[in-house]
Structure formats: structure tokens, C-alpha cells
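Asks: coords below, sequence missing:
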């Protein structure tokens, strides 16, 4: 089999890349090893992010989701902070439904989707020769000009070509059926007693609450989630199924190696502090696709850096300074009681406005607190 671009991985990054490339008439094949996979994930994405990709109306018509209009932030020591979202909302999806829909969009544009697992990569006569085993056990080769590695934090592509995979945190999550509990509020709980260098969350889905926490150490997960469930719900874990998974830890990485481009979790595009990944995975796919279309792979990193490097760098500084120190975290979160700070945060995070223009305002608003972690250089 031959194609111009082989996309490995059928999540938000891979399916977005396949759709955008196929739209431009580029022959694209997407392989996903498990089309039935339902990734453990809060499943939240701001509506502005989907609107940016011109798929908001379509997905609202075809996929079940829940709309969140409020955020509750619980500091380690202080009273909760409740914020009503303005000029935007968060949509919560079941990841199987969300990912399947995105793959369907790529197929409608002409991309070929195959359920199969990548087993080998070779370079042959300036082409990338990929060996794939489909779900029936049939082994075949795909020759392509480019390969997009969108196969997650455990990237098989990275393993096969000898590129280090992203560093990561561990998360553990469960679903609690919704009865009479509010469905319009996402909750973010901070504190080392139940979240180690992470936060605990409660995200309301269509008929369930996604509840979880995270840590840099997998050995801590069970105690942390038990502590959080008892603290938030006054119940035990006995009747629930836990699912552990990895979330990439962002740091600057190589965007491509030869004609292989890394996207989404395989690149580590998860925003520090908020740990938002879906939107940034899709943006990495957009930029990688544009670089392939323009036949200029260096354009990929330039587009990413121009749009997001400043924001990611600042949030990484915040994360390193505050996570693991409840006193600092409490102080930082309490600054967000100020409506002006809330508006800046919503512009950056919810409405996806231009971070390059907003970051200087954010720095100024935080004043002396920022001075503890600044100045920093963006290289």
C-alpha cells in the first residue's frame, strides 16, 4: 500500500491531521490499533476550541455531550472559588464517542482508516516503509513520504525510531453515576493530601461524574484517590472500577525527525497546571499538517512556538513553583478571586484568545507573586 502521509494513532491529534491533509487532496492513511478504545480522560474541551476547527455545530448535532458553565476551584486551605464562565463553555464528551466522530470526519474527507498495529519502521529509498498488522492478524506494508506519530504518551513510533518518549504523570479515575448532583460545574481540587504535584477533579459527563486525581508516582495513586473520594463524596472505593493512565509532562522536544512528525501526547502537548490536552493535540496536528502541505517541516515548530511557547513556558514556571507546596498554591489560587484575573484566565483558557498578547497582562496582574518565578527566557 502507498500513500503520501501515514498517520499512526486515531485520537484527536491523528484524526485531525488525517482530516486536514485529506481536505487538501493529500493521500492519507490512518491506522489505529484499537478503534473501540475509550481513553481514561475527563473529556473536557472548550467550545471555542471546536469552533476554531469548524466542527462545533457538527459535533453538537451528532455526539452526546454535557455543557459546563461554571468552574469550582478548591484551594488547599481556603474557601472554594466559584466562577461562572463568560462567553464560552466547556463541553464534556465520552472519549470513545468523541474520537470516533473525529475519525469519521477524516474518512468523509477521503482519509483511509485501518484498525491495525504498527510493528516496524524502515527507511527505504527516501520513503518510510511501515509494517502493520491488522486486527485479523494480516501483516502488510505501507510506503509513505511522511509519517505522523500521534500514538500517545506510550508512542510505538518513538520506540521504533529510538526517540525518547515524553515524561509523564500518572492519573487514576473512575465514573460515578449522576443522580441529583449538579451537572453544570467542573471542580478542580488542589492539595498534597489527595493530589501529588497534580490536582483532583470532578467533571460531569452526560450520565456520570468523571472523578480522578494524579501523581508523579504510581505507587501513591490508590491512597490519593481514596482520600479524595472520602473528602469529596464521603464514600469508599469498594464498588468502583479504577483506571490508571499516563498524562504527558510538557517540555521542549524535537517536533520531527527526518520525515516523521510528532503530534499530541507523543509530543507532550499538555498545558502545564491545567493539564488540558485535547485542544493542544488538535492544534499540533493542524501545524504539522500545514508543514507537510507547505513541504517545510521547520514550519511546524515555528507555528507552535509563535502560538503557544510563551504560554506553556509561563505555566510550566508556575507549575514548578507551586505544585507540591500547598501554601504557595493556596496563595496563587486566591488571587483568582479577583474578577479581573478571572477574565484574563477565561480569555486564555476558555476562549483561546491570543496568548502572546495576553501573557504580558497576566504577568502584570500577578505583580509581586510573578516576581518570585520571573524573569524567564523563552528560547
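Replies: Right, received. Where do you want to start? Since the structure is predicted, the reported quantities are computational estimates derived from the model, not experimental observations.
Asks: which secondary structure element contains residue 21?
Replies: Assessed by DSSP states H and E, residue 21 sits inside helix 12-23.
Asks: Ok, residue 6 next?
Replies: Going by DSSP H and E, residue 6 is part of strand 2-8.
Asks: tell me how far the helix holding residue 21 is from the chain's mean position?
Replies: Centroid separation for helix 12-23 versus its chain: 16 Å, with Cα atoms, centre = their mean, to the nearest Å.
Asks: Could you identify the helix or strand that succeeds that helix?
Replies: Per DSSP H and E, the helix or strand that comes after helix 12-23 is strand 28-32.
Asks: where does the stretch 1-150 of the chain dip in pLDDT?
Replies: Within the stretch 1-150 of the chain, no stretch has pLDDT under 70.
Asks: angle of the helix or strand encompassing residue 285 against strand 2-8?
Replies: Using DSSP H and E, residue 285 maps to helix 278-293. Relative orientation of helix 278-293 and strand 2-8, computed by axes from the mean of the first three to the mean of the last three Cα atoms, to 10 degrees: 160 degrees.
Asks: Mind checking what helix or strand follows helix 278-293 in sequence?
Replies: helix 298-304.
Asks: tell me the mean pLDDT for that next one?
Replies: Helix 298-304 shows an average pLDDT of 98 in the prediction.
Asks: on contacts alone, who are the packing partners of it?
Replies: helix 278-293 (3 or more Cβ pairs under 8 Å, 6 or more residues apart in numbering; DSSP states H and E). Yep, even glycine has a C-beta here, placed from its N, CA and C like the rest.
Asks: list the helices and strands the helix it packs on packs on?
Replies: Looks like helix 278-293 contacts helix 12-23, strand 44-46, helix 47-52, strand 139-149, strand 260-262, helix 298-304 (3+ Cβ pairs under 8 Å, 6+ apart).
Asks: Map the structural domains onto the sequence of the chain.
Replies: 2-66+92-166+249-309, 168-247, 323-373 (the TED database).
Asks: Which stretch among those approaches residue 72 most closely?
Replies: Between residue 72 and those, the tightest spacing by Cβ to Cβ is seen for domain 168-247, at 4.5 Å.
Asks: What distance separates the opening and closing residues of that closest one?
Replies: Domain 168-247 has an end-to-end distance of 5 Å (Cα to Cα, to the nearest Å).
Asks: which residue lies farthest from the center of the protein?
Replies: residue 125 (35.3 Å; Cα atoms, centre = their mean).
Asks: Do me a favour and get the backbone dihedrals for that one.
Replies: Residue 125 adopts backbone torsions of phi 50, psi 50, taken as degrees, to the nearest 10.
Asks: Residue 254 reaches residue 260, doesn't it?
Replies: No. With contacts counted by Cβ atoms under 8 Å, residue 254 stays clear of residue 260, the gap being 9.9 Å.
Asks: who has more neighbours, these two?
Replies: residue 260 (23 against 12; other Cβ atoms under 10 Å).
Asks: Show me what the residue lying closest to the more buried one once chain neighbours are set aside is bridged to.
Replies: Nearest in space to residue 260, with sequence neighbours left out and distances taken as Cβ to Cβ, 6 or more residues apart in numbering, is residue 147 at 4.7 Å. Beta-bridge pairing for residue 147 (DSSP bridges): residue 6, residue 260.
Asks: How about the contacts made by residue 134?
Replies: For residue 134, the contact set (Cβ atoms under 8 Å, 6 or more residues apart in numbering) comprises 114-116, 140.
Asks: farthest-separated two in the residues you listed?
Replies: Across the contacts of residue 134, the two lying at the largest distance from each other (Cβ to Cβ) are 115 and 140, at 12.9 Å.
Asks: Compare the two (neighbour count), which wins?
Replies: residue 115 (15 against 12).
Asks: which strands and helices sit next to the helix or strand hosting the more buried one?
Replies: Under the criterion of DSSP H and E, residue 115 resides in strand 112-124. Judged by 3+ Cβ pairs under 8 Å, 6+ apart, strand 112-124 is in contact with strand 28-32, helix 95-108, strand 127-134, strand 139-149, helix 156-161.
Asks: Parallel or antiparallel, which strands does the third one pair with?
Replies: For strand 127-134, the pairing partners within the sheet under DSSP bridges are strand 112-124 (antiparallel), strand 139-149 (antiparallel).
Asks: Distance from the chain centre to it, please.
Replies: Distance of strand 127-134 from the chain centroid (Cα atoms, centre = their mean) equals 27 Å.
Asks: if we can go back for a sec, got a markdown table for the helices and strands packed on helix 278-293, with distance to residue 365 too?
Replies: Converted to a markdown table, those look like this (distance: least, Cβ to Cβ, whole Å):
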| stretch | distance to residue 365 |
| --- | --- |
| helix 12-23 | 31 |
| strand 44-46 | 21 |
| helix 47-52 | 21 |
| strand 139-149 | 38 |
| strand 260-262 | 34 |
| helix 298-304 | 26 |
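Asks: ok, so what distance separates residue 359 from residue 208?
Replies: Distance of residue 359 to residue 208, given as Cβ to Cβ, to the nearest Å: 36 Å.
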